[in-house]
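# Give me a 3D structure for the following:
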Amino acid sequence: MSSDESMFTRECSDLMRKLTKISAVVTGFVMAGSLAACSGGGSNENELTIWARPASVGSNVEELLAEEFPDYDITVSRINTIDDNLRSGLRTNSNLPDVAIIGGNLPEYFEVADQFLDLNEYGFTNEQEIVEWTLPAGQDAEGHQIGLPTDIGPWGFFYRADKVEELGYPSDPDEFASEVSTLDDYEEFAQAASDSGYLACDSPFSYYRLQLAQNHYMYFDFSDGEPKNILDSPITEQAFMSSAGLIEDDLCANVEPYSAEWNSAVAQDSLIAFVGPGYEEGILKPAAGEDSDVWRVAQTPGGTASLTGSYSTALATSENPDAAAEVATFLASPEAMKAAYTEQGLFPGTAALYDDEDLRAGDPFYGGQDAFGVFAEIAENAELARAAAGGSVIESEARTALQEIADRGLDPESTFRDFIEANSDVEG
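Purely as a prediction, here's the structure:
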């Protein structure tokens, strides 16, 4: 054992002892996240580690990898605190995995892009038919392909067919989309739902994000090469104020996706419709019950929208960079994406699957509707809203501002101006 390895082992042992002493007050979640950071990359060239959020990989990914790479011993760690752990490891250039699945905040890592492998240099040529608009979002300013999309987020309008019929709307997805085709139509529909004791909006922040995506806008302009903050724009104001309007009219459940409250709102039939990216199918089905057959999905009111999802990356610290790049690229393959969609509801970012007979056969959960085809059409017609590192900061502040309006009844106009003033100097 080298001196560095010995020191690392002692540090991890000390950490485990400290966590054990304070286990009465430290949650198992924190302990698991902290110890996962000590797992690091594989100790030899046949061992590889993958870090991912629990919801960003399919439940059977271990079996899939074992079948594809029988000569490698691959460990997949599902870590809620992946960003904290990665940032810590990148600061010291140690204790890192071989492969990491990073969410929509990938641009935050571009300033340390040299600590990731450029997958172009390891044979990536897009034979997987990855949707073209998603690839630039995985490239740093020099065009290095730091990440490959493992899923993407075409936005859909999810709704209960039985409830919209009760409200006097057609339940057929095409007919419903025609009748609720504009944002004004959507707000009228949300009001009709509220009048009948239902809600057609989960989170005002979701409505806000939809409108930004429909305008292919993510706070920064890259036309001069460097990201320029353009937060103070009519697009931001329209999206924010219309979302605040839903709050003031009590038309939103004010529950965030991936929360227990969101699950309850769906399970208790109070939330009968919402707009969201396709990967939220992965939380809708468990919340509604897999045996449900009343949900449908339509094109979003106001136009097509899509977001990037998670990206597969390989770390430069890997002892076997060729293997790390190979595994990272495989996770963005049609085979891996199909499994992730089937098991986890993660919509694939490869056009090679968009005519797949299995996926287009119709889903009983959607009453036999070809929901996959709806999302595939949206994905193919979407455009990239290029993000910058500072975009995550602004997104968080926007969410907080809208939540403050909901929780404390703050004035929307003054809250919006405060939000703009506080974030107009955020750098990309």
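# tell me the contacts of Ile230?
Contact criterion Cβ atoms under 8 Å, 6 or more residues apart in numbering gives 219-221 as the residues in contact with Ile230. Glycine gets a C-beta too; all of them are placed from N, C-alpha and C.
# For these, pick the one with the most neighbours.
Compared across the contacts of Ile230, Tyr219 has the highest neighbour count, 28 neighbours, by other Cβ atoms under 10 Å.
# about what we covered before: save the contacts of Ile230 as a markdown table, and put in secondary structure and pLDDT too.
Formatted as a markdown table, the contacts of Ile230 follow (DSSP: H, G, I helix; E, B strand; the rest coil; pLDDT from 0 to 100):
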| residue | secondary structure | pLDDT |
| --- | --- | --- |
| Tyr219 | coil | 96 |
| Phe220 | strand | 94 |
| Asp221 | strand | 93 |
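# Out of those residues, which comes closest to Gly303?
Tyr219 (19.2 Å; Cβ to Cβ).
# Ile235 is in contact with that closest one, correct?
No - the pair formed by Tyr219 and Ile235 falls short of the contact definition of Cβ atoms under 8 Å, at 9.3 Å.
# and Ala273, what does it touch?
By Cβ under 8 Å, 6+ apart, the residues touching Ala273 are 157-160, 163-164, 189-190, 193, 200-201.
# ChimeraX command for the buried members of those?
Here is the ChimeraX command that selects the buried residues among the contacts of Ala273 (16 or more other Cβ atoms under 10 Å):
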select :157,158,159,160,163,164,189,190,193,200,201
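# Now do the helices in the stretch 51-200 of the chain.
Using DSSP state H, counting those that start in this stretch, the helices found in the stretch 51-200 of the chain span residues 61-68, 82-92, 161-166, 173-179, 183-195.
# export the fourth one as PDB, just CAs?
Written as PDB, here are the backbone C-alpha positions of helix 173-179 (Å, rounded to 0.1, in the frame of the first residue of the first chain):
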ATOM      1  CA  PRO A 173     -54.900  13.900 -26.200                       C
ATOM      2  CA  ASP A 174     -55.000  15.500 -29.600                       C
ATOM      3  CA  GLU A 175     -58.400  17.100 -29.000                       C
ATOM      4  CA  PHE A 176     -57.400  18.200 -25.500                       C
ATOM      5  CA  ALA A 177     -54.200  19.700 -26.800                       C
ATOM      6  CA  SER A 178     -56.200  21.600 -29.400                       C
ATOM      7  CA  GLU A 179     -58.600  23.000 -26.900                       C
END
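# Quick check: the gap between the residue nearest to the spatial centre of the chain and Glu47.
When the chain is reduced to its mean C-alpha position, the nearest residue by Cα atoms, centre = their mean turns out to be Gly309, at 4.3 Å. Separation of Gly309 from Glu47 (Cβ to Cβ, to the nearest Å): 28 Å.
# what does Pro204 give?
In this structure, Pro204 lies at 46 Å from Glu47, with Cβ to Cβ as the measure.
# which of those two has more neighbours?
When neighbours are counted by other Cβ under 10 Å, Pro204 comes out ahead of the other of Pro204 and Glu47, with 25 against 16.
# Put the alpha carbons of stretch 213-223 into PDB.
Only the C-alpha atoms of stretch 213-223 are listed here, as PDB (Å, rounded to 0.1, in the frame of the first residue of the first chain):
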ATOM      1  CA  ALA A 213     -37.900  26.400 -22.200                       C
ATOM      2  CA  GLN A 214     -40.500  27.300 -24.800                       C
ATOM      3  CA  ASN A 215     -38.500  30.400 -25.500                       C
ATOM      4  CA  HIS A 216     -35.200  28.400 -25.600                       C
ATOM      5  CA  TYR A 217     -34.000  30.700 -22.900                       C
ATOM      6  CA  MET A 218     -31.800  30.100 -19.900                       C
ATOM      7  CA  TYR A 219     -30.700  33.500 -18.600                       C
ATOM      8  CA  PHE A 220     -27.500  33.900 -20.600                       C
ATOM      9  CA  ASP A 221     -26.600  35.000 -24.200                       C
ATOM     10  CA  PHE A 222     -23.600  33.200 -25.800                       C
ATOM     11  CA  SER A 223     -23.600  35.200 -29.100                       C
END
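# okay, and for the protein, where does confidence drop off?
Applying pLDDT under 70 to the chain flags residues 1-45.
# If you tally nearby residues, what's the number for the spatially closest residue to Asp293 that is not a sequence neighbour?
Counting by Cβ to Cβ, 6 or more residues apart in numbering, the nearest residue to Asp293 once its immediate chain neighbours are dropped is Gly367, at 4.9 Å. The criterion is other Cβ under 10 Å. On that basis, Gly367 has 17 neighbouring residues.
# Isn't Gly367 up against Val294?
Yes - because the distance of 6.8 Å satisfies Cβ under 8 Å, Gly367 is recorded as touching Val294.
# Nearest to Leu346, out of the helices of the stretch 51-200 of the chain?
Closest of these to Leu346 is helix 61-68, at 10.6 Å (criterion: Cβ to Cβ).
# before we move on, the earlier item: distance of the residue nearest to the centre of the chain from Ala52?
Relative to Ala52, Gly309 is positioned 12 Å away (Cβ to Cβ).
# again with Arg296
With distances defined as Cβ to Cβ, the gap from Arg296 to Ala52 amounts to 30 Å.
# Let me know whether my guess that Leu307 is in a strand holds.
Yes - assignment of Leu307 by DSSP: H, G, I helix; E, B strand; the rest coil places it within a strand.
# Please name the residues that touch it.
Contacts for Leu307 (Cβ under 8 Å, 6+ apart) come out as 104, 152-153, 155, 209, 213, 277, 385.
# Now it. Nearest residue, chain neighbours left out?
Leaving aside its sequence neighbours, Leu307 sits nearest to Gly153 (Cβ to Cβ, 6+ apart; 3.9 Å).
# So Ile235 versus Leu384, what's the distance?
With distances defined as Cβ to Cβ, the gap from Ile235 to Leu384 amounts to 16 Å.
# Check Asp407 too.
Remark: distance between Asp407 and Leu384 (Cβ to Cβ) = 34 Å.
# Now stretch 49-57: buried residues?
Residues of stretch 49-57 classed as buried by neighbour count (16+ other Cβ under 10 Å): 49-53, 55-57.
# Just flag the most distant two among the residues you listed.
Every pair in these was compared (Cβ to Cβ); the two farthest apart turn out to be Thr49 and Ala55, at 18.9 Å.
# Sweet, I'm off.
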